[in-house]
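1. Got a sequence here, can you model it:
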Amino acid sequence: MITRIFNSFLLVFFSLIVFACSEDDQEIIDPTDDVTGGPETPEPSNPEAIDLSSYDNGSRVMMQAFYWDVEPRFEWWNNLSAKVPGWADAGIDRIWLPVASKGQSGGYSMGYDVSDYYDFGNFEQHGTVETRFGSRTELENLISTAHDNDVEVIADIVINHNSGGGLQYNPYREYDTYTLFDEEHGNASGMFNRTYEDFYPNSVSEYDPGSLFYAETNLDHHLDRVQKWLWKDENSVAKYYKNVMGFDGWRFDYVKGFEPWVIKEWLDEVGGFSVGENFDGNPDVLRDWIEASGSPAFDFSTFYKLEESLDRFQDLTNLEKDMLWKTDPGNAVTFTANHDTEKDDNVDNYIASENKLKAYAYILTHPGYPTIFYSDYENESFQEELKTLISIHNSIAVGDTEMLYIDEDEYVMKRSGTGTNPGLILYISINNNTKRRTVSSNWNNVTLKDYSGNTSYSPTSDENGMVQIEAPSNGYAIYSITK
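-> Numbering: from 1, shown residues only. Prediction:
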């Protein structure tokens, strides 16, 4: 009797062990919470990939062609000129340059302390002739090289705060301010000379509460004279940059510092691609600004949701929340890093290096106009994978977007494709195990392939389009059809 009871106990004990092991296997290979079900399908040995270059969807990618405090100084324009042909071959159609004119910090300036809008490295002031990036001739050569490679050049425009002027008495403030910009004081070009009358406050306008810094030298856009110099006159900043220098569009810096009608009037006058830096994670704020300005905006709402999902909270369900691209993809310029987020070890405005490629996989498969950050692309451990993602973006990242599954550590999204373009399925996992999940595809009885190259798994869909896909440990996969 004791023996029989002991044997029964052993049987139950070993059954529990087997059941537990089976549950673990299912979590890794075929999760029990698989909401779509479906049998696991056999894997063909080596399915032949489709030629992605034959599926040009017309979409391209922008390159932010700088980082904070670029090196070597005085050689940046030449450095970019050498890289542009390779970027164009990879699928880049625009390069966003740093502020190209002379700043108060001279040869050390990144341009955001703008002094002389018309000094591109050809006037002696602030201790240097060349800007940090090089000479005007080298800039003109870069723009020409880009155009020869069908790449547009985007100028970074700072049109609220100025720096580097001379000291003068300011009767509106009743003390001396650095508001004198003439040929001897920070404006050697002699164009757009300014005095305290051109900045807030003055006899025409009250102090602009939108200016959070450089308050004493914040340009007053309500003045007709300032409007003429910035965008209306034939030699205005906008028209000079477009017609003389050859810039094709605009990245408007710090748009919280001035009213959106300024950008609307600028674009009505000169046109061109544009994007505004409205540093705000609230998608409603971005939508309101887009409507008022008539310009696309950097999609900070998506940036922050990626940062929260991959870094801060490590919870992919944050990707269910509202983002600009979900309602207005044509005006959403998406990104995973820029010169500000990568500066000074930002904690709350930063996606860690180990999560960057998952973030890029997201923005390069979803709607919106993606931007690649220079330092990421030129990172040798990232570059080939980014080239692959750009190729996928420019070819099969097309059609309606449908989220197929989401939980804390898994995210599956489908692009439906259009016409003969098959579309894709993105599978992101932040789990430490290899994951598999059965989802609904658009493809019946078709063998799939992971075009990211992160897995060798090649499942076949069933007659109803159900297919079991795989994501590598803490990584992503992008599936589409094979030949």
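2. In terms of residue numbering, what are the domains of the chain?
-> The domain map for the chain lists 44-56+399-483, 57-393, with the assignment taken from automatic domain parsing.
3. For the chain, just list every one of the helices.
-> Counting by DSSP state H, residue ranges of the helices within the chain are 2-29, 76-90, 136-148, 224-227, 237-239, 260-270, 283-293, 300-307, 324-327, 353-363, 374-377, 380-393.
4. Which of those comes out lowest on mean pLDDT?
-> Averaged per stretch, pLDDT over those is lowest on helix 2-29, reaching a mean of 39.
5. which of the helices of the chain sits most buried?
-> helix 300-307 (a mean of 24; mean count of other C-beta atoms under 10 Å). Using the backbone N, CA and C atoms, a C-beta is placed for each residue, glycine as well.
6. tell me the angle that helix makes with helix 353-363.
-> For helix 300-307 and helix 353-363, the angle between their directions (axes from the mean of the first three to the mean of the last three C-alpha atoms, to 10 degrees) works out to 130 degrees.
7. quick one: helix 300-307 to helix 283-293, angle?
-> With the same axes, to 10 degrees as the criterion, the two stretches helix 300-307 and helix 283-293 enclose an angle of 150 degrees.
8. So that it lines up with my notes, have the first residue be 571 from now on.
-> I'll keep to 571 as the first residue from here, and by that count the last item is helix 870-877.
9. Residue 904 contacts residue 935, correct?
-> No - with contacts counted by C-beta atoms under 8 Å, residue 904 stays clear of residue 935, the gap being 10.7 Å.
10. Centre-most residue in the protein?
-> Most central in the chain under C-alpha atoms, centre = their mean is residue 905, positioned 1.7 Å from the mean C-alpha point.
11. Setting the sequence-adjacent residues aside, check what's closest to that residue.
-> Distance criterion C-beta to C-beta, 6 or more residues apart in numbering; nearest residue to residue 905, sequence neighbours excluded, is residue 941 at 4.2 Å.
12. The residue nearest to residue 939 when sequence neighbours are not counted: neighbour count?
-> Excluding its sequence neighbours, the residue lying closest to residue 939 (C-beta to C-beta, 6+ apart) is residue 903, at 4.9 Å. Using other C-beta atoms under 10 Å, residue 903 has 26 other residues around it.
13. and what of residue 664?
-> The criterion is other C-beta under 10 Å. On that basis, residue 664 has 23 neighbouring residues.
14. Pull up the gap between it and residue 695, please.
-> 30 Å (C-beta to C-beta, to the nearest Å).
15. sorry, back to before: let me see the confidence value for the residue nearest to residue 939.
-> In the predicted model, residue 903 carries a pLDDT score of 98.
16. so it makes contact with residue 868?
-> Yes - at 5.0 Å, residue 903 and residue 868 qualify as touching, with contact defined as C-beta under 8 Å.
17. which neighbours do the two share?
-> Shared between the contact lists of residue 903 and residue 868 (criterion: C-beta atoms under 8 Å, 6 or more residues apart in numbering) are residues 845, 941.
18. re earlier: would you format the helices of the chain as a markdown table with distance to residue 744 included?
-> Output for the helices of the chain, formatted as a markdown table (distance: least, C-beta to C-beta, whole Å):
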| stretch | distance to residue 744 |
| --- | --- |
| helix 572-599 | 72 |
| helix 646-660 | 42 |
| helix 706-718 | 40 |
| helix 794-797 | 23 |
| helix 807-809 | 31 |
| helix 830-840 | 28 |
| helix 853-863 | 35 |
| helix 870-877 | 39 |
| helix 894-897 | 44 |
| helix 923-933 | 50 |
| helix 944-947 | 45 |
| helix 950-963 | 54 |
